[in-house]
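1. one predicted model, sequence on top.
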Amino acid sequence: MTSAQPSPLDDRLQVLHARWAQYMAGGQLEQFIEFAVAVNSLVEHFNRLRLPGLVRLCQGLENAVLARIGDASSHPMEAQERIALQRQIDALFGSVATSQTVAPVRRTGERAPARELDWVKPRNVWIVVAEGRGEVADGLQSQLQYFGFKARRVDWCAGITPDEAPFAMLFIPAGIEAQADELHYIEACRKACPASQLFCLGAAPAVEPIVTLMRAGIDAALPADEQPSMVINRLLDLLHTEEQDKYRVLVVEDSRVAALVICRTLGEHGIDSLAIGDPGELLDALRTYRPDLILMDMHMPRFNGVEATRVLRQIPAYHTLPIVYLSGESNIGMQVEALRLGGDQFLIKPFNPVLLAAVVKTKIARFRDLQRSTCIDGLTGLFNHAAAKARLKAMADDAAADGGRFAVAMIDIDNFKAVNDTYGHPVGDLVIRGLAWLLKARLRESDLIGRYGGEEFLIALPGTDAALAQTVLDRIRADFAALPHAHPGGTLYATFSAGVAAYPELDTAAALTEAADNALLEAKRGGRNRVETAPA
Ligand SMILES: Nc1nc2c(ncn2[C@@H]2O[C@H](COP(=O)(O)OP(=O)(O)OP(=O)(O)O)[C@@H](O)[C@H]2O)c(=O)[nH]1
C-alpha cells in the first residue's frame with residue numbers, strides 16, 4: 001500500500017497518546033479509564049496480528065494501568081507513578097517503532113487482489129542452531145524451503161541487527177534444558193525482534209523448563225518428537241491471520257441511557273452491538289442480527305431477563321449462545337438463581353468498561369472456537385466437507401452478485417491406495433497433511449481450501465479465471481511432486497491430479513464442482529500428475 005492514510009495501528013497509537021495527554025492535563029478517573037480502554041484496544045490489536053513480543057510489552061503496561069484505576073480519590077496519581085507509567089509508554093512506543101521497520105509485510109485484512117505475485121509467499125525464518133545440532137537444522141531447513149519459507153541458518157550467539165528481523169526464529173539448543181548463556185541469547189533476540197515469533201525446538205516436557213523459556217521470550221516450546229511437522233504447521237497458521245468478522249453483541253436493556261453507554265463502551269473495543277428495549281423482540285433480533293453474545297438486563301417491564309433467558313434455552317439453536325447479565329441487582333441469591341436458569345455470567349452495574357469488554361471478548365472467542373471446531377478437519381486443519389461446501393456456495397453467490405471472476409478446483413492424490421498399502425496408513429496421513437500445508441502455504445488468505453474427502457481437496461479462488469487457476473495449480477502440482485515425505489525406511493514422493501472449472505462459464509456452486517470433478521477424472525484418465533480445465 002502506498003497511501004498516506006494512517007494504519008489501524010497508527011490510529012490506536014494516536015488515541016492512546018491523546019488519552020494519556022488528556023489524563024496528564026486533567027487528572028480525572030474517567031480520563032484514566034479512557035486511557036485504560038485505549039491500552040486494552042492496542043493489546044487486542046497486537047493479539048490479532050499475532051505479535052507476541054508486542055502483546056507482552058503492551059500487557060505489561062495494561063496491568064500497570066489496571067492496578068492504578070482505583071477510585072476517584074486515587075486521581076490524579078502521584079507524580080512518581082505518572083513518571084513510571086510514562087516510562088512504560090515510551091518503552092512500548094520505542095519497541096513498536098523498531099518492529100514497524102522490520103515487521104512482516106502482511107495482515108492488513110484486505111482481500112488480496114488476484115495478481116500473480118500473491119501466489120507465493122516467501123517468509124524469512126532463521127534457524128538458530130547450537131553446536132552439534134546441525135543435522136536437525138538441515139532437515140528442517142530443507143522442509144521449510146519446500147513450504148515456501150526462506151530458511152537461513154544462524155549460529156547460536158551470532159549478532160542480531162533488528163533491521164533484518166525475521167518472521168520467525170527457531171531455536172535449537174544443545175540439550176533439552178537451555179543453559180544460562182542460551183537463555184541470555186534468547187532474551188537478546190526477543191528484545192531486538194519484538195514482532196518475530198520465537199520457537200524453541202526440543203524442550204523438556206515439564207512445566208519449569210518451559211516457563212523458563214517463556215520468561216526468556218520464547219512464544220512456543222515444542223517437544224522433540226513432533227518437531228518438523230509441528231513447526232511447519234504452526235508457521236503456516238501464523239501466516240493466515242484471520243480477519244474475523246466483528247464480534248456482535250445484542251444488548252437487551254430497557255433504559256436508553258444505559259443501552260447507549262454499553263454500546264459506546266463495546267464500540268470502543270471494536271465490538272458491534274445492537275440494543276433492544278423490549279425482550280419481546282428478542283427472537284426477531286436473534287434471527288436478523290445473529291449475535292455472538294447477549295448482554296441481558298435483569299429487571300425490565302413485561303418480563304425480566306431471567307424469563308427471557310429461560311425461553312432462549314428451550315430453543316436448540318440458542319443452547320450455547322453466551323448470555324451475560326448486566327444488572328444493578330446486588331442480591332447474591334438472585335444472581336445465583338439467574339445463573340442456574342441459563343445465564344453464563346453476572347456483571348454488576350455500574351460496570352468497569354475494561355472488565356466488561358474482557359468478559360464479552362473471552363466469552364465470544366470461546367463460543368466462536370466451539371463453532372469453528374465443527375467446521376474443521378482434524379487431520380489437516382482445513383475446512384471439512386460440509387463447511388467447504390457451504391463456503392463455496394456463499395463464494396459462488398458473491399461472484400454471481402458482483403459479476404466477479406471465480407475458479408474452483410478439485411484435487412485428488414494419485415494412486416493413494418498404493419501409498420497406504422505400501423507404507424501404512426500413518427504415512428498416508430502424513431502425505432495428506434503435506435499437501436494440505438503446501439496448499440495453505442501457496443494460496444492466498446481469501447482462497448477457500450477444504451478437505452473434501454479422504455485424499456480429495458476442494459479449492460476456490462476468487463477473482464481468478466480458469467487460465468490463471470490452471471497456472472497456479474500446475475505450479476503447486478510440480479512442487480508437490482518434488483516434496484519428500486518421510487517414512488521409516490526413507491522418503492517417498494507423491495503426485496496429484498486436478499480439475500479446474502470457472503465462473504461465469506458455469507454459474508452455480510454445484511455446476512462448478514461437477515465440472516471440476518469431471519475435469520479431474522479427465523486428468524486421471526490422461527495419465528495423472530496433471531491439471532485439466534473443464535471445457536468452456
Ligand atoms: N492414510 C489415509 N488414507 C485415506 C484417508 N482417507 C481415505 N484414504 C484412502 O485413500 C485411498 C483412495 O484410493 P482410491 O479412491 O482407490 O484412489 P487412488 O488409489 O488414489 O487412485 P486414483 O485416485 O485413481 O489415482 C483409499 O485406500 C482410502 O482408504 C485418510 O484419511 N488417511
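-> Structure received. Residues are numbered from 1 along each chain as shown.

2. and the gap between residue 508 and residue 63?
-> From residue 508 over to residue 63 the distance is 53 Å, taken as C-beta to C-beta, to the nearest Å. C-betas here are computed from N, CA, C, even on glycine.

3. chain center to stretch 271-288: distance?
-> 28 Å (C-alpha atoms, centre = their mean, to the nearest Å).

4. contacts for it, please.
-> Stretch 271-288 is contacted by residues 246-254, 256, 259-260, 262-263, 266-267, 289, 291, 300-305, 307-308, 311-312, 318, 321, 357, 360-361 when judged by C-beta atoms under 8 Å, 6 or more residues apart in numbering.

5. over to stretch 55-63?
-> The contact list for stretch 55-63, computed with C-beta under 8 Å, 6+ apart, reads 36, 39-40, 42-43, 46-47, 85, 88-89, 91-92, 95, 194.

6. mean confidence (pLDDT) on that stretch, please.
-> On average, the pLDDT along stretch 55-63 is 84.

7. over to stretch 74-82?
-> Per-residue pLDDT values over stretch 74-82 give a mean of 90.

8. what of stretch 442-451?
-> Averaging pLDDT along stretch 442-451 gives 89.

9. for the helix or strand where residue 238 lies, what is the average pLDDT?
-> Taking DSSP states H and E as the definition, one finds residue 238 inside helix 227-239. Averaging pLDDT along helix 227-239 gives 69.

10. whichever of the contacts of stretch 55-63 end up buried, select them in ChimeraX.
-> To isolate the buried members of the contacts of stretch 55-63 in ChimeraX, using 16 or more other C-beta atoms under 10 Å:
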select :36,39,40,42,43,46,85,88,89,92,95,194
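
11. if we can go back for a sec, give me the buried subset of the contacts of stretch 271-288.
-> The neighbour count (16+ other C-beta under 10 Å) marks 247-254, 259, 262-263, 266, 291, 300, 304-305, 308, 312, 318, 321, 357, 360-361 as buried among these.

12. which ones among those map onto helices?
-> Counting by DSSP state H, these place 259, 262-263, 266, 305, 308, 312, 357, 360-361 in helices.

13. distance between the ends of stretch 44-58?
-> Stretch 44-58 has an end-to-end distance of 9 Å (C-alpha to C-alpha, to the nearest Å).

14. in it, what's buried?
-> In stretch 44-58, counting by 16+ other C-beta under 10 Å, buried: 44-46, 48-58.

15. and those residues, which is closest to the ligand?
-> Proximity of the buried residues of stretch 44-58 to the ligand (C-beta to the nearest ligand atom) peaks at residue 50, which lies at 29.1 Å.

16. give me the pLDDT for that closest one.
-> On pLDDT, residue 50 comes in at 68.

17. pLDDT score for the nearest residue to residue 302 once chain neighbours are set aside?
-> Nearest non-adjacent residue to residue 302, counting by C-beta to C-beta, 6 or more residues apart in numbering: residue 280, 6.1 Å away. Predicted confidence (pLDDT) for residue 280: 90.

18. tell me who's in contact with residue 64.
-> Counting by C-beta under 8 Å, 6+ apart, residue 64 has contacts 84-85, 88.

19. residues from the stretch 351-500 of the chain in reach of the ligand?
-> Taking C-beta under 6 Å from any ligand atom as the criterion, the stretch 351-500 of the chain approaches the ligand at residues 379, 412-417, 420, 425, 428-429, 432, 454-455.

20. just the ones of these in strands?
-> Judged by DSSP state E, those include 412-413 as members of strands.

21. TSV for the residues of the stretch 351-500 of the chain next to the ligand, including neighbour count and pLDDT?
-> Shown next, in TSV, are these (neighbours: other C-beta atoms under 10 Å; pLDDT from 0 to 100):
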residue	neighbour count	pLDDT
379	14	83
412	21	98
413	22	98
414	18	98
415	15	97
416	17	96
417	11	96
420	17	94
425	10	87
428	23	89
429	13	87
432	23	93
454	13	92
455	21	96
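
22. between the residues of the stretch 351-500 of the chain next to the ligand, which is nearest residue 519?
-> residue 412 (11.2 Å; C-beta to C-beta).

23. and the pLDDT at the closest residue to that closest one other than its chain neighbours?
-> Closest residue in space to residue 412, ignoring its immediate chain neighbours: residue 456 at 4.8 Å, by C-beta to C-beta, 6+ apart. At residue 456, the model reports a pLDDT of 97.

24. how about the contacts of stretch 55-63, which pair is most distant?
-> Comparing all pairs in those by C-beta to C-beta, the longest separation belongs to 36 and 194, at 22.2 Å.

25. are we agreed that residue 404 is in a strand?
-> No. Checked against DSSP: H, G, I helix; E, B strand; the rest coil, residue 404 lies outside a strand; its state is coil.

26. show me the contacts for it.
-> 398, 462-463, 503.

27. which of these fall in helices?
-> Filtering these for helices - DSSP H - leaves residue 398.

28. of the contacts of residue 404, keep whichever come out buried.
-> 462-463, 503.

29. closest to the ligand out of the residues you listed?
-> Nearest member of the buried ones among the contacts of residue 404 to the ligand, counting by C-beta to the nearest ligand atom, is residue 503, at 26.2 Å.

30. and the strands in the stretch 251-400 of the chain?
-> 272-276, 293-296, 323-327, 345-348 (DSSP state E, counting those that start in this stretch).

31. tell me which of the ones you listed lies nearest to the ligand.
-> Taking C-beta to the nearest ligand atom, strand 293-296 is the member of those nearest to the ligand, at 35.8 Å.

32. got a list of contacts for the closest one?
-> With C-beta under 8 Å, 6+ apart, strand 293-296 has contacts from 247-253, 262, 305, 308-309, 312, 321-327, 343, 360, 363-364, 367.

33. that older thread, so which of the buried ones among the contacts of residue 404 sit within strands?
-> Reading strands off these with DSSP E, I get 462, 503.

34. tell me which of the contacts of stretch 55-63 fall in helices.
-> If you go by DSSP H, the contacts of stretch 55-63 have 36, 39-40, 42-43, 46-47, 85, 88-89, 91-92, 95 in helices.

35. what is the nearest of those residues to residue 512?
-> Using C-beta to C-beta, residue 47 comes nearest to residue 512 of those, at 36.7 Å.

36. separation between the closest one and residue 41?
-> From residue 47 across to residue 41, the span is 11 Å (C-beta to C-beta).

37. how about residue 402?
-> Computed as C-beta to C-beta, the residue 402 to residue 41 distance reads 32 Å.

38. which one's more surrounded, these two?
-> Each of residue 402 and residue 41 has its neighbours counted (other C-beta atoms under 10 Å); residue 41 has more, 18 against 9.

39. is it true that that one touches residue 270?
-> Yes. Using C-beta atoms under 8 Å, residue 41 is in contact with residue 270, at 6.8 Å.

40. residues in contact with the residue of the stretch 351-500 of the chain found nearest the ligand?
-> Nearest to the ligand in the stretch 351-500 of the chain, going by C-beta to the nearest ligand atom, is residue 454, at a distance of 2.2 Å. Residue 454 is in contact with 416, 432, counting by C-beta under 8 Å, 6+ apart.
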